[in-house]
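coords please:
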Amino acid sequence: LSPAKKVEIESKYPLVKLGEMAEIQSGGTPKSDVSAYWDGEYFWATLIDTKEKYLYSTKRTITKEGLKNSSAKLLPINTVIFSSRATIGEVTISKVETATNQGYKNFICDPKKVNYEYLYEVLKKYSSEIELLASGTTFKEVSKTAIANFKIPLPPLDIQEAIVAACERVDDEVAKTNETIETNEQEIISLITAAPIQKIVKLGEACELKAGKFVSASDIYEEDGGNLYPCYGGNGLRGYVKTFTHEGAYPLIGRQGALCGNVTLVHGKFHATEHAVAVTPKIELDVIWLYHKLVMMNLNQYKTGTAQPGLSVKNINNVNIEIPSIETQKEIVAKIEVLESRINEAKAVIDGAKAHKEAILREYL
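Here you go, the predicted model:
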């Protein structure tokens with residue numbers, strides 16, 4: 001038996017059950033996984049589709065027959081879709097008719113009671129509280145009953161609309177900020193690609209590529225207690241450990257897994273595992289320029305294996321790298337530092353968007 005979980009939310013407005021302001025439908029699955037059901041005329045949302053506020057398309061579609069033979073229903077535009085299984089708490093608003101798999105609870109809002117955009121913002125805010133209601137052993141899921149009984153503040157519609165407008169201003173600022181990031185990232189790419197080339201050599205001739213040292217998972221801590229060192233594996237930071245293998249500034253290339261070939265620039269004392277390849281220049285190279293160049297070389301294209309993709313150091317040693325003069329490298333890096341400063345400022349705005357929206361909801365509710 002699972003103990004009952006109770007979440008208390010305070011507001012100056014009445015708390016109303018979600019099931020009283022929207023029709024809630026669970027997603028479903030086709031009765032049999034027949035390949036002929038897919039690539040059809042109806043959108044089919046899966047858990048990977050809830051990263052954006054608005055859902056305009058999906059990676060899968062289902063045929064009319066497949067939808068008919070499933071437990072799912074075609075949902076109208078402006079349905080609020082909440083991920084109730086696995087990645088609990090992801091929310092999106094469908095801007096096309098779509099059906100969803102069983103990992104979703106779908107809210108068809110009563111416009112006389114609740115603004116669908118307001119419901120989206122509130123579900124985002126209280127997603128962690130809703131997750132507390134999850135149960136299950138094989139995987140955690142929030143049931144339709146639990147979510148229907150979850151209460152949220154329900155102000156008058158004009159207040160809901162004011163909240164939505166304030167949150168949209170935050171979204172607009174984030175959208176502009178994302179454009180700033182994209183523009184500056186493109187400028188970095190242009191700086192690297194447009195530089196006059198002094199020579200072309202094998203990567204292994206220009207740099208030493210050497211994998212780090214194994215560290216047991218039991219020796220990796222989630223947080224730095226103050227006397228630990230960052231530990232980097234094939235996909236970036238893994239945690240913190242008591243030992244370090246390198247000191248200084250190094251590009252690290254991930255050599256194992258689907259994301260092998262990714263490049264991370266690391267400073268200071270750190271531990272590189274056997275799944276991370278530390279890049280040390282053999283010739284005069286600016287490390288910051290080298291990092292950006294390696295990113296642009298798309299080393300993932302040289303991976304081998306399917307079940308467990310990986311990069312062979314021997315293979316990437318033989319990849320050509322185009323190198324401008326050291327003076328040109330340093331000039332590029334000086335310009336990149338300005339662009340990265342703008343990017344970091346923009347990312348700070350994005351990072352603060354969630355807190356900004358929470359402040360808006362606190363003020364109104």
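
can you map out the helices along the stretch 201-350 of the chain?
Ranges of helices in the stretch 201-350 of the chain, per DSSP state H, counting those that start in this stretch, are 203-206, 287-296, 313-317, 326-351.

Redo these as TSV? Include distance to Ile181, mean neighbour count and mean pLDDT.
Yep, even glycine has a C-beta here, placed from its N, CA and C like the rest. Formatted as TSV, the helices of the stretch 201-350 of the chain follow (distance: least, Cβ to Cβ, whole Å; neighbours: other Cβ atoms under 10 Å; pLDDT from 0 to 100):
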stretch	distance to Ile181	mean neighbour count	mean pLDDT
helix 203-206	28	18	98
helix 287-296	15	20	97
helix 313-317	28	16	94
helix 326-351	5	15	97
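
So for Ile48, which of those sits nearest?
helix 326-351 (20.9 Å; Cβ to Cβ).

Show residues contacting the very next helix or strand once past that closest one.
Where DSSP states H and E defines the elements, the next helix or strand beyond helix 326-351 is helix 353-364. Contact partners of helix 353-364, identified using Cβ atoms under 8 Å, 6 or more residues apart in numbering, comprise 121-122, 124-125, 155, 159, 162-163, 166-167, 170-171, 173-174.

Make a ChimeraX selection of the buried ones in those.
To isolate the buried subset of those in ChimeraX, counting by 16 or more other Cβ atoms under 10 Å, use the following:
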select :121,122,124,125,155,159,163,166,167,170,174
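
Can you give me the buried ones in stretch 206-214?
Using 16+ other Cβ under 10 Å as the test for burial, stretch 206-214 gives Ala206, Cys207, Leu209, Ala211, Gly212.

Among the residues you listed, which lie within strands?
Those of those mapping onto strands are Cys207, Leu209, Ala211, per DSSP state E.

Quick one, grab the pLDDT at the residue lying closest to Gly212 once chain neighbours are set aside.
The spatially closest residue to Gly212, leaving aside those adjacent along the chain, is Ala272, at 2.9 Å (Cβ to Cβ, 6 or more residues apart in numbering). Looking at Ala272, its pLDDT reads 97.

Surely Ala272 and Thr245 touch.
Yes: the pair Ala272 and Thr245 passes the contact test of Cβ atoms under 8 Å, sitting 5.2 Å apart.

neighbour count winner among those two?
Taking other Cβ atoms under 10 Å, Ala272 and Thr245 do not tie; Ala272 has more neighbours (24 against 20).

which intervals of the stretch 1-150 of the chain have sub-threshold pLDDT?
Within the stretch 1-150 of the chain, the stretches with pLDDT under 70 are 1-7.

try 80 this time
Where the stretch 1-150 of the chain drops to pLDDT under 80, the residues are 1-8, 31-34, 47-51, 137-138.

any idea where the helices of it begin and end?
Ranges of helices in the stretch 1-150 of the chain, per DSSP H, counting those that start in this stretch, are 64-68, 116-125, 127-131, 144-148.

Out of those helices, which is the most enclosed?
The highest mean neighbour count among the helices of the stretch 1-150 of the chain, using mean count of other Cβ atoms under 10 Å, belongs to helix 116-125: a mean of 22.

Need the residues touching each of Ala272 and Thr245.
Going by Cβ under 8 Å, 6+ apart, residues that sit against Ala272 and also against Thr245 are Gly212, Lys213, Ala278.

Who are the contact partners of the residue minimising distance to the centre of the chain?
Centroid-nearest residue in the chain, with Cα atoms, centre = their mean: Lys51, separated by 7.3 Å. Going by Cβ under 8 Å, 6+ apart, Lys51 touches Glu90, Thr92.

Also Phe150?
Val7, Lys17, Leu18, Tyr126, Glu129, Ile130, Leu133.

Show me which pair in the residues you listed is furthest apart.
Distances among the contacts of Phe150 were taken as Cβ to Cβ; the most separated pair is Lys17 and Glu129, at 14.2 Å.

Ala334 versus Ile350, what's the distance?
According to Cβ to Cβ, to the nearest Å, Ile350 stands 26 Å off from Ala334.

nope, Asn320 is what I was after
Counting by Cβ to Cβ, the gap from Asn320 to Ala334 is 26 Å.

Okay, and the beta partners of Ala45?
Listed by DSSP bridges, the beta-bridge partners for Ala45 are Thr100.

Was I right to think it contacts Ile81?
Yes: counting by Cβ under 8 Å, Ile81 is a contact partner of Ala45 at 6.4 Å.

and Thr138, how many neighbours?
5.

One more: the one 3 residues further on?
Applying other Cβ under 10 Å, we find 19 other residues in the vicinity of Glu141.

ok, what's across the strand from it?
Arg85, Ser135.

That one reaches Ala134, doesn't it?
Yes: in this structure, Glu141 is within contact of Ala134 by Cβ under 8 Å, at 5.9 Å.
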